[in-house]
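**Student:** After the sequence you'll find the predicted model.
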Amino acid sequence: MKILVINCGSSSLKYQLFDMEKENVLAKGLVERIGIEGSQIKHTKTGMEPVVQVTAIPDHKVGIKLVLDSLLDKDHGVLSSLDELTAVGHRVVHAGEKFATSVRLDPKVMDALKECIPLAPLHNPANIMGIEAVTSALPNIPQVGVFDTAFHQTMPDYAFMYGLPYGYYEKYGVRRYGFHGTSHYYVSHRAAEILQKPVEKLKIVTCHLGNGSSITAVKGGRSVDTSMGFTPLAGVIMGTRSGDIDPALINFIAQAENLDVKEIDGMLNKKSGMLGLSGLSSDLRDVEDAASRGEPRAKLAIAVLAYGIKKYIGAYAAAMGGLDVLVFTAGIGENSATIRSRVCDGLEFLGVELDQEKNDVRSKEAEISTVGSKVRVLVVPTNEELVIARDTKRLVANR
Ligand code: ADP
């Protein structure tokens, strides 16, 4: 069974083609700058060098056609006919409270996703365009939606409600939703597998630390709290996002700097976090380099990030009544020994003991706690595409 996984953004589209027999990736690629000058597709057949084709890609339909053509290409392709494709799985950012699991896409589901656009005005329209582009290229192929918010639908109401007038929840769906759900699901369940323990018995905190970062409390395999909120702006500081702030600051800065709501939103999303604090870069590698040269604001940005993550871990240990496993994933979590070490430093009272030598690891599954550590600390590279492919396979087989 061959399944195509698509992650569609407003001007980009990532894809991976899985052979589900052994769950291996046959080909993958990236369509960039859709609708912008200089658009291109970079396609990689597993085991071969990437091929880049610079060509006009005015919309997602043309992008999908190029993906399908690349999969069929006689030199770099992996399919002899599109009939070999069984199904297509899509990453969709927001399903509101409508879906707590992945679903087969049909016109009713598409209407529900369109209703969620106000909750994710930047992301859902792009995801929907990707689905519609596949529908027009392959009208009969089964398609599945896998939602970033779904895994967090198990949060109890006291964890997802804000202290705002209740009517906003009823009228607009104002509540904490959480994001990166597919990643938190994958790494928490994979951690249990690695430790050979039933996930139902574990209290796990998963730290997905990338350009966007979120921390999740996973109790018995289910999300019970998460650091992102109504939008992906909440939680710890990120590359360019502020994370949690005092809400009264919005009014204060608006007045002091004469900014309107849109400008404030832009500042919180694009000019804050690592970039805003360090004044240098949103990329942790640059900030770590500057910190090692003694740059005070780079050191401060790293300290704020590590302290923020540590506080969430403490809070979630309290929320779950204990902690068995701590997992690091995504760009920073998988690669930065410094951040992992700074986060764990001081958590000995919870039973976290990092082995500094084992912590010197990058981009691979590893246990980095000492043999005696009560809390097992793991690095687990995330694999959202694999979850999407598996869910797609399961939902297609069920029909
Ligand atoms: P996204 O959220 O866009 O998927 P990623 O998960 O790829 O982002 O994470 C990007 C972040 O990971 C960047 O801040 C980058 O600096 C960081 N990162 C990647 N490699 C390293 C590394 N070797 N050391 C430190 N940080 C790294």
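**Tutor:** Arrived safely, thanks for sending.

**Student:** okay, CA-based contacts and neighbour counts for the rest of this
**Tutor:** Will do.

**Student:** which stretches of the chain aren't confidently modelled?
**Tutor:** Within the chain, the segments meeting pLDDT under 70 span 398-399.

**Student:** Residue numbers of it in contact with the ligand?
**Tutor:** Listed as neighbours of the ligand in the chain under the rule C-alpha under 6 Å from any ligand atom: 210-212, 283-285, 330-332, 335-336.

**Student:** What subset of these is buried?
**Tutor:** Judged by neighbour count, with 16 or more other C-alpha atoms under 10 Å as the criterion, the buried members of the residues of the chain next to the ligand are 210-212, 283-284, 330-332, 335-336.

**Student:** Tabulate those residues (JSON lines), appending distance to His43 and secondary structure.
**Tutor:** Output for these, formatted as JSON lines (distance: C-alpha to C-alpha, whole Å; DSSP: H, G, I helix; E, B strand; the rest coil):
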{"residue": "Gly210", "distance to His43": "24", "secondary structure": "coil"}
{"residue": "Asn211", "distance to His43": "24", "secondary structure": "coil"}
{"residue": "Gly212", "distance to His43": "25", "secondary structure": "coil"}
{"residue": "Asp283", "distance to His43": "25", "secondary structure": "coil"}
{"residue": "Leu284", "distance to His43": "27", "secondary structure": "helix"}
{"residue": "Ala330", "distance to His43": "22", "secondary structure": "helix"}
{"residue": "Gly331", "distance to His43": "22", "secondary structure": "helix"}
{"residue": "Ile332", "distance to His43": "25", "secondary structure": "helix"}
{"residue": "Asn335", "distance to His43": "25", "secondary structure": "helix"}
{"residue": "Ser336", "distance to His43": "28", "secondary structure": "coil"}
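
**Student:** Can you name the residue of the stretch 101-250 of the chain nearest to the ligand?
**Tutor:** Distances between the stretch 101-250 of the chain and the ligand by C-alpha to the nearest ligand atom are smallest at Gly210, namely 3.3 Å.

**Student:** need the contact list for that residue.
**Tutor:** With C-alpha atoms under 8 Å, 6 or more residues apart in numbering as the criterion, the residues that contact Gly210 are 238-239, 330-333.

**Student:** The nearest residue to it once chain neighbours are set aside and Lys203, how far apart?
**Tutor:** Across the structure, with C-alpha to C-alpha, 6 or more residues apart in numbering as the measure, the residue nearest Gly210 apart from its sequence neighbours is Gly331 (4.8 Å). According to C-alpha to C-alpha, to the nearest Å, Gly331 and Lys203 sit 23 Å apart.

**Student:** picking that back up, reformat the buried ones among the residues of the chain next to the ligand as CSV; add distance to Lys65.
**Tutor:** Below are these laid out as CSV (distance: C-alpha to C-alpha, whole Å):
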residue, distance to Lys65
Gly210, 30
Asn211, 29
Gly212, 30
Asp283, 33
Leu284, 36
Ala330, 30
Gly331, 30
Ile332, 34
Asn335, 35
Ser336, 38
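
**Student:** residue ranges of the helices in this structure, please?
**Tutor:** 60-72, 107-115, 124-137, 157-160, 166-172, 181-195, 248-257, 261-270, 273-278, 284-292, 296-320, 330-335, 337-344, 384-397 (DSSP state H).

**Student:** For Ser227, which of these is the nearest?
**Tutor:** Comparing these against Ser227 with C-alpha to C-alpha, the closest turns out to be helix 296-320 (7.6 Å).

**Student:** And for Leu17, nearest residue in space, chain neighbours not counted?
**Tutor:** Once flanking residues are discounted, Leu17 sits nearest to Leu4: 4.5 Å by C-alpha to C-alpha, 6+ apart.

**Student:** Tally up the residues packed near the one you found, please.
**Tutor:** The tally of other residues near Leu4 (other C-alpha atoms under 10 Å) stands at 25.

**Student:** Over to Pro247?
**Tutor:** Applying other C-alpha under 10 Å, we find 8 residues neighbouring Pro247.

**Student:** Can you name the residues that contact the most centrally placed residue in the chain?
**Tutor:** Central residue check for the chain by C-alpha atoms, centre = their mean: the C-alpha nearest the mean position is that of His180, 3.5 Å away. In this structure, His180 makes contact with 148-149, 208, 214, judged by C-alpha under 8 Å, 6+ apart.

**Student:** That'll do, ta.
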